[in-house]
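A.B. asks: Build the 3D model from these lines:
(one chain, ligands or ions: 1)
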Amino acid sequence: MGDDGTREWAAGDGFIELDGLEKVFDVRRRAGRFRRERQRVRAVDGISFRVARGEMVGYIGPNGAGKSTTIKMLTGILTPSGGRVRIAGIDPARERTRLASRIGVVFGQRTMLWWDLPLIDSYRLAHRMYRVPDARFRANLDRCVELLDLGDLLKVPVRQLSLGQRMRGDIAAALLHDPDVLYLDEPTIGLDVISKTRVREFLRELNRDRGTTVLLTTHDLQDIEQLCGRVMVIDHGRLLYDGTTAGLHEAGGGERTLVVDLERETPPLELPGAPGARVVRVEGTRQYLAFPATQSAAPLVARVAAAYPLVDLSVREPDIESVIARMYGERAGA
Ligand SMILES: Nc1ncnc2c1ncn2[C@@H]1O[C@H](COP(=O)(O)OP(=O)(O)OP(=O)(O)O)[C@@H](O)[C@H]1O
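C.D. replies: Next comes the predicted model:
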C-alpha cells in the first residue's frame with residue numbers, strides 16, 4: 001500500500017486505468033435577452049478502459065467528443081467529477097508532481113516551447129525543471145536530435161520554426177525526462193506528408209525500442225492505421241468502440257477511395273476481379289474508385305496499373321466523422 005492507502009502499481013495491472021470516469025462542466029448560457037441559464041455538460045460520461053504498458057492506442061472521436069477532457073484528467077490538469085483514474089497506480093489529480101516525471105504531453109495545436117528562445121533553451125529549462133540527471137539528459141537529447149533531425153534547429157528561435165519543425169521540437173521536449181507514457185493530441189495536424197511520415201516513424205521506433213506507452217488523439221485515420229493496433233472511439237463522452245483498427249472499419253462499414261490519375265480521359269475503368277471496387281466519380285483524367293476499407297489496396301492498385309496507363313495513384317481514408325456516423329446508423333438500425 002502507498003502512504004495514501006492506494007495500492008502501488010504492479011506488473012500485470014493496467015498501466016492506464018479508468019473506471020467510470022466522469023467530468024461535468026457547469027456552463028452558463030444565454031437564454032433570452034437578460035436571462036442566463038445554467039447548463040450541465042457531461043464532457044466525459046462514464047468511461048472505463050485499461051491500457052497495458054507498452055501499448056500504442058488511438059483515442060478518437062468527432063469535435064467536442066470529450067477527448068481533450070479525458071487527456072486533461074489523465075495528466076491531472078482537471079479533477080474528475082466522478083469515477084477513478086490511475087496511471088501506474090498514481091492518482092493524477094492528487095499527485096500531479098509525482099506523475100509529471102512519468103508522463104510526456106504533446107498538444108499539436110499549442111506549443112510547450114518558449115516562443116522567443118532558441119529551441120535548445122527550452123530543453124535546458126526542461127532539464128532543470130524535471131531534474132533529469134545530466135548524463136541521461138545528454139543521451140536523450142542526442143537521440144532525439146538525431147532521430148528527429150533537429151541538429152540545425154537547436155539555435156533557432158521557436159517562432160521561426162515551420163509547423164513540422166516545431167512539432168518535432170515539441171515531441172523531443174516531451175521525451176527528455178524519459179516518460180513511461182506519452183499523450184499526443186493531434187501530433188500530425190497541419191503537417192505535410194513528409195513531416196507526417198517522419199513523426200510517425202519516430203513514434204513507432206519510440207514505442208518499439210523503449211516500450212513507451214502511447215495514447216494518441218487524432219483526426220487522421222492514417223495515423224491510427226499506421227501506428228495503433230488498438231483504437232477507442234468516443235462520442236458524447238461515452239466509449240463507442242474499443243478494439244482493433246480493422247474491426248473499426250468493419251463496425252463502421254467504411255469505404256476507402258483509390259484516386260487514379262490517368263494519362264488521358266478514359267471511360268469509367270472496368271475492374272473485373274476486384275470485388276467490391278467501383279468507380280464512383282470521373283473528373284477528366286481523374287477517377288475515384290471506392291473499395292471496402294477492410295481490404296488492402298494492393299490488389300486493386302496492381303489491377304489498375306496493369307490495365308491502364310497511369311500518372312499517379314493515391315488512397316484516401318474515410319474520415320472519422322463518417323465512420324462514426326455509420327457506427328451510429330448501424331446501431332440505430334440494429
Ligand atoms: N472548461 C470547459 N468548460 C465548459 N465546457 C467545456 C470545457 N472544456 C470542454 N468543455 C465541453 O466539453 C465537451 C467535450 O470537449 P473536449 O474539448 O473534451 O472535446 P474533444 O473531443 O477534445 O474535441 P476537439 O476534437 O474539438 O478538441 C464539449 O461540449 C466542450 O464544449
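
A.B. asks: for the ligand, what are the nearby residues on the chain?
C.D. replies: Contact residues (C-beta under 6 Å from any ligand atom) of the chain with the ligand: 25, 27, 41, 43, 61, 63, 64, 65, 66, 67, 68, 69. Bear in mind the C-beta positions are built from the backbone N, C-alpha and C, glycine included.

A.B. asks: Next step: those residues restricted to strands.
C.D. replies: 25, 27, 41, 43 (DSSP state E).

A.B. asks: Turn those into CSV, including neighbour count.
C.D. replies: Output for these, formatted as CSV (neighbours: other C-beta atoms under 10 Å):
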residue, neighbour count
25, 13
27, 11
41, 15
43, 22
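
A.B. asks: Mind naming the longest helix for this structure?
C.D. replies: Secondary structure of the chain read by DSSP state H shows that its longest helix is helix 193-210.

A.B. asks: Which strands and helices lie in contact with that one?
C.D. replies: Using 3 or more C-beta pairs under 8 Å, 6 or more residues apart in numbering; DSSP states H and E, the elements in contact with helix 193-210 are helix 163-175, strand 213-217, helix 221-227.

A.B. asks: make it 10 Å
C.D. replies: In terms of contacts (3 or more C-beta pairs under 10 Å, 6 or more residues apart in numbering; DSSP states H and E), helix 193-210 is packed against strand 56-60, helix 134-147, helix 163-175, strand 181-185, strand 213-217, helix 221-227.

A.B. asks: Reformat those as CSV; add mean pLDDT and mean neighbour count.
C.D. replies: Below are the helices and strands packed on helix 193-210 laid out as CSV (pLDDT from 0 to 100; neighbours: other C-beta atoms under 10 Å):
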stretch, mean pLDDT, mean neighbour count
strand 56-60, 93, 24
helix 134-147, 92, 15
helix 163-175, 91, 22
strand 181-185, 93, 23
strand 213-217, 94, 23
helix 221-227, 86, 20
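
A.B. asks: what does the domain assignment say about the protein?
C.D. replies: As recorded under automatic domain parsing, the domains making up the chain are 16-32+41-249, 255-317.

A.B. asks: thinking again about what came up before, in the ones in strands among the residues of the chain next to the ligand, find the pair that's most separated.
C.D. replies: Farthest apart among these by C-beta to C-beta are 27 and 43. That separation is 10.1 Å.

A.B. asks: Quick one: work out the angle between the longest helix of the chain and strand 181-185.
C.D. replies: Put simply, helix 193-210 runs at 160 degrees to strand 181-185, going by axes from the mean of the first three to the mean of the last three C-alpha atoms, to 10 degrees.

A.B. asks: for this protein, which spans come out with low pLDDT?
C.D. replies: Within the chain, the segments meeting pLDDT under 70 span 1-13, 252-253, 328-334.

A.B. asks: which residues in it form strands?
C.D. replies: Using DSSP E, the strands of the chain run over 16-30, 36-51, 56-60, 82-87, 103-107, 181-185, 213-217, 230-235, 238-244, 255-262, 278-283, 286-292, 310-316.

A.B. asks: related to what we said a few turns ago, quick one: which of the domains of the chain is nearest residue 323?
C.D. replies: domain 16-32+41-249 (6.6 Å).

A.B. asks: what's the offset of that closest one from the middle of its chain?
C.D. replies: 8 Å (C-alpha atoms, centre = their mean, to the nearest Å).

A.B. asks: Straight-line length of it, end to end?
C.D. replies: Terminal residues of domain 16-32+41-249 are spaced 25 Å apart (C-alpha to C-alpha, to the nearest Å).

A.B. asks: returning to that earlier point: buried ones in the longest helix of the chain?
C.D. replies: Within helix 193-210, the residues that qualify as buried are 195, 196, 198, 199, 200, 202, 203, 206, 207, counting by 16 or more other C-beta atoms under 10 Å.

A.B. asks: How about residues contacting that helix?
C.D. replies: 54-56, 106, 108, 143-144, 147-149, 162-165, 167-168, 171-172, 175, 178-180, 182, 184, 187-191, 212-214, 216, 220, 222-223, 226-228, 314 (C-beta atoms under 10 Å, 6 or more residues apart in numbering).
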